[in-house]
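**Q** The following comprises the amino acid sequence and a computationally predicted model.
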Amino acid sequence: MAEVDTMVVPQENAGDGGDMDGADDLAHRFNVDDKRLLNCKRVDVNQLMPLKYEWAWEHYLNGCANHWMPTEVPMQRDIELWRSNKLTEAERTVIMRNLGFFSTGESLVGNNIVLAIFKHITNSEARQYLLRQAFEEAIHTHTFHYIVESLGLDSREVFNMYHEVASIKGKDDFVMGLTEGVMDPNFSTESLEGLQEFIKNLVGFYVVMEGIFFYSGFVMILSFHRQNRMTGIGEQFQYILRDETIHLNFGVDLINTIKVENPEVWSPDLQKDLYDMIHEAVEYEVIYARDCLPDGVLGLNADLFREYVQFIADRRLERIGLKLVYGSKNPFPWMGETIDICKEKNFFETRVTEYTSAGALVWDD
C-alpha cells in the first residue's frame with residue numbers, strides 16, 4: 001500500500017509577521033482532519049491542494065494517461081470474421097457470454113461509485129479519482145454497445161443475459177447484494193458497523209468484481225487476440241484491462257488506508273467475512289468459466305480457470321493484508337505480459353495510434 005502522506009501547509013512569506021496570520025488561517029482551513037477519507041465534517045468544494053493522499057492523485061494521473069475511446073478502434077476484421085464460418089459455435093459462445101457479463105458488470109460498478117461510494121468518501125483527491133473512474137466505467141459500457149452494433153448482434157440477447165444466463169446473474173446478484181446496505185438512506189460510516197459494511201462494499205467491488213470476476217473474461221477474449229482473431233474486441237479488452245488495473249490499485253490503497261486510520265475496524269469477524277466473500281466469489285467465477293466453455297476451447301477449460309481464479313484470489317487477499325488460501329499457480333503467465341504496457345508496441349496489428357503519455361506507467365496486476 002502506498003504510504004499515507006502527511007500534509008504540509010504552505011508557509012509563504014513566513015518572515016513577515018503580517019503574513020503569518022494568513023498562513024495560520026490557511027493551516028486552520030486546510031488541516032489534516034479537513035481532508036480525511038471518511039467522515040470529514042467540512043465537505044464543500046473539491047479542494048485538491050494541498051494533497052494529503054499522494055497515491056490517490058497518482059492513480060488519477062495514471063487513469064488520464066490511459067485515456068481512450070472505443071470508437072477509435074477499427075472493427076472491420078472482427079466483422080468479417082464474425083460473418084464468416086471460421087468461428088465455431090463454442091468460440092461464438094465464449095464471445096457472447098463475455099459480452100453479456102461485461103455489458104452489465106461495468107454498469108454495476110459505475111452505479112456503485114456514483115450512488116454508494118462517492119458520497120461517503122470525503123477526501124478531495126480520492127473523489128477526483130472516483131470521478132475519473134466513473135467516466136471510465138461509462139466508456140466501458142459504451143464499448144460493449146459499440147461492439148454489439150459493429151457485429152450486428154441482437155442487443156436484447158446480449159444485455160438480457162443478466163436475466164437469462166444463471167452464471168452471469170449469479171455474479172451480478174452477488175455484488176449487488178453488497179450495495180444494498182450502503183444504499184440505505186440512513187447508512188453512515190460513523191459507526192464501527194457502518195464502516196465495516198463500507199469496507200465489505202469496497203472489497204466486493206474493487207477486489208472481487210474488478211479484481212477477480214473480470215479476469216476470466218480477459219483471459220478468454222485475449223486468447224483470441226493471441227491467435228490474431230477478433231483483434232478489435234481484443235484491443236478494447238486490453239484497454240479495459242489496463243483501466244481495471246488502476247481501479248484495483250486505487251481500491252486496494254483506499255481499503256488499506258481506511259484500515260490504517262481506523263484500526264479497530266479490522267476485526268477477526270470482518271476478516272472472516274471477507275475470506276468467506278472471496279471464497280464464494282471464486283466459486284461463482286468457476287461456474288461462469290464452465291458455462292462459457294463447457295467442453296473447452298482455445299486451449300482453455302474450466303479446470304485451468306479454477307486454478308487461475310484461485311491464483312488471482314490469493315494475490316488479492318495478500319494485497320489487503322489477508323493470508324493466502326489456495327496456493328495455486330498461474331496457468332496463464334502470458335497475462336502478465338499483456339498488462340505490461342512497456343512491452344507493447346502498437347497494441348495490435350490493427351492500429352498505429354499510440355498514447356505516448358502512458359509509456360511511463362508501471363503496471364501491477
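**A** Sure, I can see it.

**Q** only C-alpha atoms for contact and neighbour calcs from this point on.
**A** Fine.

**Q** Tell me the pLDDT of the nearest residue to L304 once chain neighbours are set aside.
**A** Leaving out its chain neighbours, the residue that sits closest to L304 by CA to CA, 6 or more residues apart in numbering is P331, at 6.5 Å. In this model, P331 is scored at 95, pLDDT.

**Q** cool, E307 as well?
**A** 97.

**Q** Contacts only, for it.
**A** S328, K329, N330, P331 (CA atoms under 8 Å, 6 or more residues apart in numbering).

**Q** which residues touch the first one?
**A** This points to S328. E307, Y308, Q310, F311.

**Q** which of those lies closest to E149?
**A** E149 has its nearest neighbour among these in Y308, at 31.7 Å by CA to CA.

**Q** For N330, see how far away that closest one is.
**A** Shown here: Y308 relative to N330, a distance of 5 Å by CA to CA, to the nearest Å.

**Q** Compare neighbour counts for those two and give me the winner.
**A** A direct count of neighbours by other CA atoms under 10 Å for Y308 and N330 places Y308 higher, at 24 against 17.

**Q** In a strand, that one, correct?
**A** No. Going by DSSP: H, G, I helix; E, B strand; the rest coil, the assignment for Y308 is helix, not a strand.

**Q** right, and it touches P333 too?
**A** No. In this structure, Y308 is not within contact of P333 by CA atoms under 8 Å, at 9.8 Å.

**Q** separation between the residue nearest to A56 when sequence neighbours are not counted and V148?
**A** In space, and not counting its chain neighbours, A56 is closest to A126: 5.3 Å by CA to CA, 6+ apart. Separation of A126 from V148 (CA to CA) stands at 33 Å.

**Q** Name the residue in the two with the higher neighbour count.
**A** Shown here are A126 and V148; by other CA under 10 Å, A126 has more neighbours (28 against 18).

**Q** so where's this protein uncertain?
**A** 1-34, 41-47, 339-365 (pLDDT under 70).

**Q** got the buried residues for the lengthiest helix in it?
**A** If you go by DSSP state H, the chain has its longest helix at helix 231-261. Residues 231-259 are the ones in helix 231-261 that count as buried (16 or more other CA atoms under 10 Å).

**Q** Which strands or helices does it pack on?
**A** Contact partners of helix 231-261 among helices and strands, from 3 or more CA pairs under 8 Å, 6 or more residues apart in numbering; DSSP states H and E: helix 54-65, helix 76-83, helix 124-151, helix 192-202, helix 214-226, helix 334-339.

**Q** Include distance to D291 when you put these into CSV, please.
**A** Listed next are those as CSV, based on distance: least, CA to CA, whole Å:
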stretch, distance to D291
helix 54-65, 33
helix 76-83, 21
helix 124-151, 20
helix 192-202, 27
helix 214-226, 12
helix 334-339, 22
